[in-house]
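Trainee: Model the structure of this input:
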Amino acid sequence: MDVSRSRRIIVAGAGIAGLSAALAFARRGFSVDIFERSEKLEEVGAGLQLSPNATRILDGLGALEALRPMAVAPHGVVLRDARTLAELGRVPLGAAAEARWRAPYLVAHRADLQKALLETVAAQPSIQLFTGTAIAGFEQEDHGITAVLDRSSAMERQSALLLVGADGVWSALRGGLQPGQASRFAGELAWRTVVPADGEIGRAFASAGACEVVTAFLHSGFHLIVYPVRGGAAFNLVAFTPGQRIAEGWSGTADAAPLERAMRRTAPMLARLAREAGPWTAWPIHTVRPDAPWTAQNVALIGDAAHAMTPFAAQGAAMAIEDAQTLAANVAAAPGNMLAALTDWERTRRPRVAAVARRGAFNHFAWQARGPVAVARNLVLKTRPPEKLAADMDWLYGWNAETG
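Mentor: Now for the predicted structure:
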């Protein structure tokens with residue numbers, strides 16, 4: 001095999017999954033080229049939650065230090081009734097989380113995490129990032145892969161040991177592994193906005209005790225998640241409602257009428273949000289068929305490209321970061337047998353990702369419950385001690401890439 005190819009990794013996509021993968025491979029002695037379709041890396045998205053299973057890896061990749069000044073370590077996750085604002089339950093985080101799971105639980109703006117990853121990537125001489133370049137296809141070979149690159153309609157070919165598809169829920173590379181398997185609309189919309197902490201709405205959330213916690217406001221038919229970002233200078237809001245499929249991608253002109261209808265029967269502080277907290281960005285939630293393949297001979301899909309799931313466990317970014325770390329570890333452990341490395345990686349990752357997806361489905365059911373189910377949920381939450389609620393998350397937050 002060509003020496004330059006034998007230690008070269010090509011990554012499609014410069015989002016959280018792709019940048020994390022580049023760092024994970026570079027730290028194991030590989031050279032990495034990242035190809036990003038967009039001409040410019042722009043701030044998209046809003047907030048995200050980074051549980052200890054993710055921050056532990058970010059620390060090992062060298063990116064956590066750059067992120068922490070702009071992140072917030074919430075003291076807990078607080079569940080509240082959206083009609084009365086009464087507290088239903090609380091999972092302790094903060095120092096308790098770091099002591100229990102050996103890593104911090106952080107909330108941050110997505111752009112701040114991407115910036116931290118980009119800064120860390122820039123400090124690695126073995127990683128190169130190219131924008132305005134799409135991967136139009138690939139050709140499998142006996143001892144590697146050749147990617148077909150599209151640079152402003154000028155096509156070129158480059159060879160590598162492995163092609164990592166980290167190009168998101170609407171992955172262009174997925175078709176090469178999963179013909180005809182596009183992502184599917186899940187019937188839910190995520191409504192996102194960020195409000196300044198010193199504004200009227202921000203002060204209202206502060207008075208409701210939302211400054212240093214992740215707050216989930218529960219209601220039949222929808223739920224709202226609020227937490228501080230940008231070092232506490234702003235609040236991230238994301239509400240989930242049933243809805244019709246809309247254009248794929250971020251849209252700053254979404255009509256918030258469906259959100260306003262969903263929030264009418266909530267506490268006055270929340271009911272006014274649909275009108276006053278905008279503009280809202282509506283994001284159609286898509287999933288990927290859970291049994292579709294993630295790997296082929298010298299290709300691996302990671303993150304949303306492989307297994308996009310609903311966001312109700314707040315683990316989308318964490319699963320992408322876990323994928324990146326574990327994939328690089330498997331390939332480094334068996335560089336001479338890529339098929340075995342990828343097969344083993346997919347086999348061991350699938351149960352973990354499936355368990356997280358099930359947890360998200362359970363959260364969606366419980367948080368948007370109505371009638372007797374909602375009454376039973378509230379009773380369980382009120383009678384279950386915070387420490388027990390934290391223990392329920394040991395399998396998820398306490399996971400370690402080294403030990404599984």
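
Trainee: now the helices for the stretch 151-300 of the chain?
Mentor: Per DSSP state H, counting those that start in this stretch, the stretch 151-300 of the chain carries helices over the ranges 174-177, 200-207, 257-262, 268-271, 273-276.

Trainee: Kindly report the same for the stretch 1-150 of the chain.
Mentor: Counting by DSSP H, counting those that start in this stretch, the helices of the stretch 1-150 of the chain are 3-6, 16-26, 52-61, 64-67, 94-101, 110-122.

Trainee: With residue 144 as the reference, name the closest of those.
Mentor: Of all the helices of the stretch 1-150 of the chain, it is helix 3-6 that lies closest to residue 144, at 5.0 Å by C-beta to C-beta. C-beta: built from backbone N, CA, C; applies to glycine.

Trainee: Leaving out the residues flanking it, which one is nearest to residue 378?
Mentor: Sequence neighbours aside, residue 88 is the residue nearest to residue 378 in space, at 5.4 Å (criterion: C-beta to C-beta, 6 or more residues apart in numbering).

Trainee: these two touch, right, residue 15 and residue 168?
Mentor: Yes. In this structure, residue 15 is within contact of residue 168 by C-beta atoms under 8 Å, at 6.2 Å.

Trainee: what residues are shared contacts of those two?
Mentor: Overlap of the contact sets of residue 15 and residue 168 (by C-beta atoms under 8 Å, 6 or more residues apart in numbering) consists of residue 303.

Trainee: among the helices of the stretch 1-150 of the chain, which is the most enclosed?
Mentor: When the helices of the stretch 1-150 of the chain are scored by mean count of other C-beta atoms under 10 Å, the highest mean neighbour count falls to helix 16-26 (a mean of 29).

Trainee: That one to helix 110-122, inter-axis angle?
Mentor: Angle of helix 16-26 versus helix 110-122, following axes from the mean of the first three to the mean of the last three C-alpha atoms, to 10 degrees, is 20 degrees.

Trainee: Run through the residues that contact residue 256.
Mentor: Listed by C-beta under 8 Å, 6+ apart, the contact set of residue 256 reads 191, 274, 275, 278, 280.

Trainee: And it, how far from residue 289?
Mentor: For residue 256, the distance to residue 289 equals 31 Å [C-beta to C-beta, to the nearest Å].

Trainee: now residue 11
Mentor: Separation of residue 11 from residue 289 (C-beta to C-beta): 23 Å.

Trainee: Between those two, tell me which one has more neighbours.
Mentor: Neighbour comparison, residue 11 and residue 289: the larger count goes to residue 11, with 29 against 13 (by other C-beta atoms under 10 Å).

Trainee: Phi first, then psi, for residue 370.
Mentor: Backbone geometry at residue 370, expressed as degrees, to the nearest 10, gives phi -140, psi 170.
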